[in-house]
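A.B. asks: Kindly return the folded structure for what I paste below:
(one chain, ligands or ions: 1)
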Amino acid sequence: MSTSVYSRYRAAFAQALAGALGVPAADIEPQVKPADPAHGDLSFATFPLAKAQKKAPPAIAAQLAQALQVPGLEVKAVGPYVNARFLPLPFTQEVIDGVRLAGLAYGSDAEDGKGKTVVIDYSSPNIAKPIGFHHIRTTFLGHCIANLYRALGWRVEGVNYLGDWGKQFGLVAVGFQEFGKEELREDMAHLVQVYVQANKRAGEDPAFDEKAREFFRRMEAGDAEAMKLWNQFRETSLKGFKRVYARMGIDFEHIEGESRYQGKMDAVIEQIAKKPGVKESQGAIIVDMPYADGEPPVLLKKNDGSTLYATRDLAAAEDRHARFNFDKSLYVVAQDQALHFRQVFRTLTEMGQPWADKCVHVPFGRIHGMSTRKGQVVELDQVLDEAKERVLQRVKENVAQGNLETTDAEALAEQIGLGAIVFGDLKHNRASDYTFDWDEVTSLEGHTGPYLQYAHARSANVLRKGGGVPSAYDPSLLTLPEEQALVRELMRLPDTVKAAAEQYEPSLVARLLLDVAAAYSRYYTAGNKDRDKRILVEGNDAVRAARLALTDATRITLAAGLTLLGIPTPENM
Ligand SMILES: NC(=[NH2+])NCCC[C@H](N)C(=O)O
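C.D. replies: Below is the predicted model of the structure:
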């Protein structure tokens, strides 16, 4: 089923309004908005009609409400608004059955993006350099955005565009001779240390710096020995990165890098020369475009003949278009690179590439204060290790106190640690900066990943205690205000997935899940000391079955949403 319960009701309401007003439904639909929950579910404001009808809005609303008959909706005028409320039936059943039928695919819509292709450039760390906060965010955001598009039926081509070309290899190569430990040649963290040390040294010692440049020049000239070493370092780093990706359940369609475009850049520059034109400026080659005031030109080649990040991105954009014929090409990269992408896309436009406007920079803000006990973060692995370690403590305590049963505390801590870090990031608007706080993200309470994982596990636990999911239930028994409120939250996932994909904004899904968990928690705890009894009512099997069905739909919604975010969903915690 491809339309959500919500959008079906909205369409029916709009259709009825349009009929009564004698206008096309397509004109009305955008004007049907969510209502103030106290007054209904859908709302249509009559102000815009007042002038033509020469009547006061409340009178128009009253008259319209009178005239409308929509199955499943209770329509009422509230002041100048025509409001509609979902009647408990069949609404409740439609939502619950829809969720349970879809299972983990709830929220997905394979028809939506059918036949369309999106390229998503994400993670894209630099080989043999410390990882930055931006690599962490792009990894989480990109993974989630890829999941969202897959859920909507798009063909997703995820590209991990490694920073695997540049002077840093010269620094590592030359640095290794001086500070490298032979036995750690295949240790990614060690290479990063060597890089950091060599980089510092290069700043102090011009001769050392020149040696590093010389090494990179050899690479650019294709020197076999230099390339062999380059390849070794690249493989070592890549192995390290792959370990983290496996840990996070991330699987890229393509892992490639800037080096792919080595030797292909002259062709690109030639192409640019034909359209916007290239010119020389102080020995460097730049794109000859009319630049806005204060806007720097796009550098294609430095005066020493080496090519640049932008040149490689131009080649990569063309290559991706040729290979994937994309409908969209996303770059999930920090806000700091906004100018870079503006220039790259603008250059593509000037080159006459008709697909240039399908390229989108998806920027994000900074993380402040992310460091581990070992100090500044150089690898994502360290962050995940520390999260796990912090959580493990608590898991062990809970097991010792008999509050938790698990045969593998380590594995559970890994899952919760991952949930803490990933959710701690994705709950923030992509564009905003945030300050990272260990206690906050790993807490079991509040707006956290572990809280959601716990809500999921708790619903799974209630189902287990209740003897599993009921096959038959009577939806007319779910009339409590908390039950109706919960159903309304569950209803939102499909539309939220679409909005999140359209806006490249995983936080919309993250926040919906918090709302679902909060609604379930209110339901579960309301008015009962023995909490399980709220669902597992004694002496009334019919009510119990209905409440278990709703619990099942809640568990599925949480599991589906967390999975989209890239967060594991342990059954017990
Ligand atoms: N096509 C791109 N430029 N992707 C982003 C690459 C990010 C780059 N490696 C960095 O760490 O800053």
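
A.B. asks: Any buried residues in stretch 70-82, and which?
C.D. replies: By 16 or more other Cβ atoms under 10 Å, the buried positions in stretch 70-82 come out as 70, 72, 73, 75, 76, 77, 78, 80, 81, 82. C-betas here are computed from N, CA, C, even on glycine.

A.B. asks: Give me the next element, helix or strand, following the host helix or strand of the last one.
C.D. replies: What it means is residue 82. Element membership for residue 82 (DSSP states H and E) is strand 81-86. Once the chain leaves strand 81-86, the next helix or strand it forms, by DSSP H and E, is helix 88-102.

A.B. asks: okay, the angle between that next one and strand 81-86?
C.D. replies: Helix 88-102 runs at 60 degrees relative to strand 81-86, counting by axes from the mean of the first three to the mean of the last three Cα atoms, to 10 degrees.

A.B. asks: Buried residues, helix 88-102. List them.
C.D. replies: Buried positions in helix 88-102, judged by neighbour count with 16+ other Cβ under 10 Å: 88, 91, 92, 93, 94, 95, 96, 97, 98, 99, 100, 102.

A.B. asks: wouldn't the second one be in contact with residue 8 here?
C.D. replies: Okay, so that is residue 91. No - using Cβ atoms under 8 Å, residue 91 makes no contact with residue 8, being 10.3 Å away.

A.B. asks: what about the closest residue to the ligand within the stretch 351-500 of the chain, which SS state?
C.D. replies: Relative to the ligand, the nearest point of the stretch 351-500 of the chain is residue 361 (9.3 Å; Cβ to the nearest ligand atom). Secondary structure, DSSP: H, G, I helix; E, B strand; the rest coil: residue 361 is strand.

A.B. asks: Number of residues surrounding it?
C.D. replies: Per other Cβ atoms under 10 Å, the neighbour tally for residue 361 reads 20.

A.B. asks: For it, give its distance to residue 332.
C.D. replies: To residue 332, residue 361 is 9 Å away according to Cβ to Cβ, to the nearest Å.

A.B. asks: now swap in residue 367 and tell me
C.D. replies: 15 Å.

A.B. asks: more neighbours, these two?
C.D. replies: Using other Cβ under 10 Å, the more surrounded residue of residue 367 and residue 332 is residue 332, with 28 against 19.

A.B. asks: ok so residue 216 is a helix residue?
C.D. replies: Yes - counting by three-state DSSP, residue 216 is located in a helix.

A.B. asks: List the strands paired with the strand holding residue 82, with their directions.
C.D. replies: As defined by DSSP bridges, the strand partners of strand 81-86 come to strand 42-45 (antiparallel), strand 73-78 (antiparallel).

A.B. asks: how far out from the middle of the chain is the first one?
C.D. replies: Distance, stretch centre to chain centre, for strand 42-45: 31 Å (Cα atoms, centre = their mean, to the nearest Å).

A.B. asks: Also the last one?
C.D. replies: What separates the centre of strand 73-78 from the centre of its chain is 37 Å, taken as Cα atoms, centre = their mean.

A.B. asks: Tell me what residue 329 is bridged to.
C.D. replies: Under DSSP bridges, the beta-bridge partners of residue 329 are residue 119, residue 359.

A.B. asks: Quick check, residue 27 in contact with residue 15.
C.D. replies: No - counting by Cβ under 8 Å, residue 27 stays clear of residue 15, with 11.4 Å between them.

A.B. asks: okay, these two: which has more neighbours?
C.D. replies: More crowded of residue 27 and residue 15, by other Cβ under 10 Å: residue 15, with 15 against 12.

A.B. asks: Looking at the strands paired with strand 81-86, spot the one closest to the ligand.
C.D. replies: For the ligand, the closest of the strands paired with strand 81-86 is strand 42-45, at 42.1 Å, according to Cβ to the nearest ligand atom.

A.B. asks: now what about the closest one, what contacts it?
C.D. replies: 9-10, 13-14, 17, 28, 31-36, 57, 64, 73, 80-85 (Cβ atoms under 8 Å, 6 or more residues apart in numbering).

A.B. asks: and the helix or strand just after that strand, what does it pack onto?
C.D. replies: Remark: after strand 42-45, the chain's next helix or strand is helix 50-53, criterion DSSP H and E. Counting contacts by 3 or more Cβ pairs under 8 Å, 6 or more residues apart in numbering; DSSP states H and E, helix 50-53 packs against helix 57-67.
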